[in-house]
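# Turn this into a structure:
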Amino acid sequence: MTVVIEPSGLAASDVVAVARHHARVQLSPAALAAIGASRAVVEALAESPTPAYGISTGFGALATRHIPVPLRSDLQRSLIRSHAAGTGPEVEAEVVRAMTLLRLRTLASGRTGVRPVVAQGYAALLNAGITPVVPEHGSLGCSGDLAPLAHVAMVLTGEGEGRGPDGVLRPALELLALAGVEPVILAEKEGLALINGTDGMLGMLLLALEDLRSLCRAADLATAMSVEALLGTDRVFAADLHAPLRPHPGQAVAADNVWRLLRDSPMVASHREGDSRVQDAYSMRCAPQVSGAVRDTVAHAATVADRELAASIDNPVVLPDGRVESNGNFHGAPVGYVCDFLAIAAADLASMSERRTDRMLDVSRSHGLPPFLAADPGVDSGHMIAQYTQAGIVSEMKRLAAPASVDSIPSSAMQEDHVSMGWGAARKLRRSIAGLTRVLAVELLTAALPVGAVPPEADGRGVDPRAE
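Numbering: from 1, shown residues only. The predicted structure follows:
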């Protein structure tokens, strides 16, 4: 698969294809033309005696200094070197590939003023399978993901470190030489254009949305299996109890999924008559309301992500009429907010899953299942500690649900006096999604176990259908 990058931007599926599945990228002729047109504007400003921010001046709090022509290439190189100041463990390869592609997408919009060779260099890195080493800590999510993007840009210029297709850590120059890619010497404005964007946090958001859609379906499956194992009813998932009464679209989808999964279940059918229970516990009965709300939150976050995918984020930007204007579009608040929102939703979905697991293990609430689903209770602890594992993960996810985007620590001598912390919100969202995946896996495994673990006549009503 080849993803063609146009000035109009990319689809979310394109980002996933390149980040996770190593699809190739190609700049369209229209993108190359747009890049060339904006570069002509920048070069004209570079020759003008009038100072232009980031072109003939310093950056941030140092924007008042005029930079003479012989030092401007040094200025761009120095900018990248000084901003590549991250620390901590390496960011995952799929995140680095996503942010590299997203920065390339903005370059292709023709609003940044770089030369075509810079955009072609990023495309070459992606197609060669070169992944720059990006440390986890360093971005405040304002003025873009500066430190992470600077570490990517370092490799383009032949500095820093990265990993090739074989995963071996090598100096950037060696990686470029092996791939036949020439290092790029940056000209006016180009260093700034490579680091002024929300590409890191946006890449993580897009990957999270892909994961959460799958995990919502897994949660519906886990719900259906747990309802069977706990001899619950399927009636609460009927369509006439959802959309007509409470028209949240995600809730209707979730209820329909569980309803269809249970439709022909012999376990559910076995106790429709003679069961004295009036209602199931909330963790079963209200599952569509929770997993549906997660779906609706995902849909809202996807709307924000799509808008961001259509954006051209840089500062300053080259406008279609040739003006070069400063702006604040690099502020990560829109992305940071929805990353925080998704972490709340993921934590709640995991919490409900853990409650269903615990119910299957508790002999006083499991309707005839053996204690902890143990083959020989007392000698065998069964799934007791599996639920401990879920509980520990859910507890951590609740801490991760505390929003990062409400925090702000001023930087750059108070020039950047309010920052988004969007990168931090996206990083903890990734950890939360990993936790949700593990919690749902434990529930699925636990709900499947009663089929082979329940002794005959366990529920006092004859042969337990769960043992068949």
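# Measure how buried residue 325 is and give me the count.
A count of neighbours around residue 325, defined by other C-beta atoms under 10 Å, yields 10. All C-beta atoms are positioned from the backbone trio N, CA, C, and that covers glycine.
# so it sits right up against residue 111, yeah?
No - the criterion here is C-beta atoms under 8 Å, and residue 325 misses it with residue 111 at 10.3 Å.
# from the middle of its chain, how far away would the helix ranked longest in the chain be?
Counting by DSSP state H, the longest helix found in the chain is helix 199-229. With C-alpha atoms, centre = their mean, to the nearest Å as the basis, helix 199-229 stands 12 Å off its chain's centre.
# again, but for stretch 120-135
Its chain's average C-alpha position is 20 Å from that of stretch 120-135, according to C-alpha atoms, centre = their mean.
# Endpoints of that stretch, how far apart?
Chord length of stretch 120-135, first to last residue, is 24 Å (C-alpha to C-alpha, to the nearest Å).
# Now do the same contact list for the nearest residue to residue 287 once chain neighbours are set aside.
Of all residues not flanking residue 287 in the chain, residue 223 sits nearest, at 4.3 Å (C-beta to C-beta, 6 or more residues apart in numbering). By C-beta atoms under 8 Å, 6 or more residues apart in numbering, the residues touching residue 223 are 258, 284, 287, 291, 356.
# closest to residue 64 among those?
When the contacts of residue 223 are compared for distance to residue 64 (C-beta to C-beta), residue 291 wins out at 54.0 Å.
# how deep is the closest one tucked in, by neighbour count?
Using other C-beta under 10 Å, residue 291 has 29 other residues around it.
# quick one: residue 185 and residue 157 touch, right?
Yes - between residue 185 and residue 157 a contact is recorded at 7.2 Å, counting by C-beta under 8 Å.
# Quick check: neighbours shared by those two?
residue 77.
# more neighbours, those two?
More crowded of residue 185 and residue 157, by other C-beta under 10 Å: residue 157, with 23 against 12.
# so the more buried one makes contact with residue 182?
No - between residue 157 and residue 182 there is no contact under C-beta under 8 Å: 10.6 Å.
# Which phi and psi values does residue 248 adopt?
Main-chain dihedrals, residue 248, degrees, to the nearest 10: phi -90, psi 120.
# Quick one: the strands in the stretch 201-350 of the chain, in order.
317-318, 324-325 (DSSP state E, counting those that start in this stretch).
# mean pLDDT lowest for which of those strands?
Note on the strands of the stretch 201-350 of the chain: lowest mean pLDDT is at strand 324-325, with a mean of 90.
# From the chain's centroid, how far away is stretch 160-172?
For stretch 160-172 - counting by C-alpha atoms, centre = their mean - the centre lies 24 Å from the chain centre.
# Also stretch 391-399?
19 Å.
# which parts of that stretch are buried?
393, 394, 397, 398 (16 or more other C-beta atoms under 10 Å).
# which residues do residue 325 and residue 111 both contact?
Contacts common to residue 325 and residue 111, judged by C-beta under 8 Å, 6+ apart, are 317, 319.
# show me what contacts the nearest residue to residue 227 once chain neighbours are set aside?
With sequence-adjacent residues excluded and distances taken as C-beta to C-beta, 6+ apart, residue 227 is closest to residue 284, at 5.3 Å. Each residue near residue 284 by C-beta under 8 Å, 6+ apart is listed here: 223, 226, 227, 230, 232, 236, 356.
# Isn't the third one up against residue 271?
This means residue 227. No - using C-beta under 8 Å, residue 227 is not in contact with residue 271; the gap is 11.3 Å.
# Of these two, which one has the most company?
residue 227 (27 against 17).
# mind checking how far that one is from residue 365?
14 Å (C-beta to C-beta, to the nearest Å).
# With residue 89 instead?
Residue 89 is 41 Å from residue 365, by C-beta to C-beta.
# Now stretch 158-178 - C-alpha only, PDB.
Provided in PDB are the C-alpha atoms of stretch 158-178 (Å, rounded to 0.1, in the frame of the first residue of the first chain):
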ATOM      1  CA  GLY A 158      22.400  13.200  10.000                       C
ATOM      2  CA  GLU A 159      22.600  13.700  13.800                       C
ATOM      3  CA  GLY A 160      21.200  11.800  16.700                       C
ATOM      4  CA  GLU A 161      20.300   8.100  16.600                       C
ATOM      5  CA  GLY A 162      17.700   5.800  15.200                       C
ATOM      6  CA  ARG A 163      16.700   2.300  14.300                       C
ATOM      7  CA  GLY A 164      16.500   0.800  10.900                       C
ATOM      8  CA  PRO A 165      14.200  -2.000   9.700                       C
ATOM      9  CA  ASP A 166      16.300  -4.500  11.600                       C
ATOM     10  CA  GLY A 167      15.700  -2.700  14.900                       C
ATOM     11  CA  VAL A 168      19.400  -2.100  15.600                       C
ATOM     12  CA  LEU A 169      20.300   1.200  17.200                       C
ATOM     13  CA  ARG A 170      22.700   3.100  15.000                       C
ATOM     14  CA  PRO A 171      24.000   6.700  14.500                       C
ATOM     15  CA  ALA A 172      21.800   8.700  12.100                       C
ATOM     16  CA  LEU A 173      24.500   9.100   9.500                       C
ATOM     17  CA  GLU A 174      25.000   5.400   9.300                       C
ATOM     18  CA  LEU A 175      21.300   4.800   8.900                       C
ATOM     19  CA  LEU A 176      21.000   7.300   6.200                       C
ATOM     20  CA  ALA A 177      24.000   5.900   4.300                       C
ATOM     21  CA  LEU A 178      22.600   2.400   4.500                       C
END
